[in-house]
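Novice: I need the structure of the sequence given here:
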Amino acid sequence: QVQLVESGGGLVQPGGSLRLSCAASGFIFSIGAMGWYRQAPGKQRELVATITRGGSTNYKDSVKGRFTISRNNAENTVYLQMNSLKPEDTAVYYCNADLAPTLYTPSYAHWGQGTQVTVSS
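Specialist: Here you go, the predicted model:
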């Protein structure tokens with residue numbers, strides 16, 4: 001069984017920073033792309049940032065220059081450093097990993113349980 005466990009969410013004032021972490025554990029043969037998505041109340045889940053195993057990154061336009069995604073392949077962990085946070089960044093943030101549990105299992109998307117980020121004064 002595979003688990004993705006996020007941490008690092010919380011309440012922060014506008015202009016502040018938070019760092020999200022997500023660690024994959026359990027039966028893991030390989031992990032490809034990893035990423036962060038978010039879902040605000042009444043809205044659809046949206047992509048925030050992704051990173052390939054080789055380190056290539058992709059960001060939602062509204063977070064470019066403020067958020068940085070990184071990963072540690074040896075520890076099966078992905079991070080999201082969020083700076084200059086705005087109220088519109090408020091959402092539940094979900095970790096995603098394209099993961100193959102075994103040599104004989106094709107990779108597919110795995111999701112964490114989500115962590116709340118609230119930006120408010």
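Novice: For Thr102, see how far away Tyr79 is.
Specialist: For Tyr79, the distance to Thr102 equals 26 Å [CB to CB, to the nearest Å]. In short, each C-beta sits where N, CA and C put it, glycine included.
Novice: same question but for Val119, I mixed them up
Specialist: Distance from Val119 to Thr102, by CB to CB: 40 Å.
Novice: Of those two, give the one with the bigger neighbour count.
Specialist: Val119 (19 against 10; other CB atoms under 10 Å).
Novice: residues in contact with the more buried one?
Specialist: Val119 makes contact with Val12, Gln13, Pro14, Gly16, Leu85, Lys86, Pro87, Glu88, Asp89, Thr90 under the criterion CB atoms under 8 Å, 6 or more residues apart in numbering.
Novice: if we look at the sheet, which residues does Val117 bridge to?
Specialist: For Val117, the beta-bridge partners are Gly10, Ala91 (DSSP bridges).
Novice: Tell me the predicted confidence for it.
Specialist: pLDDT for Val117: 98.
Novice: Pro101 now?
Specialist: Predicted confidence (pLDDT) for Pro101: 89.
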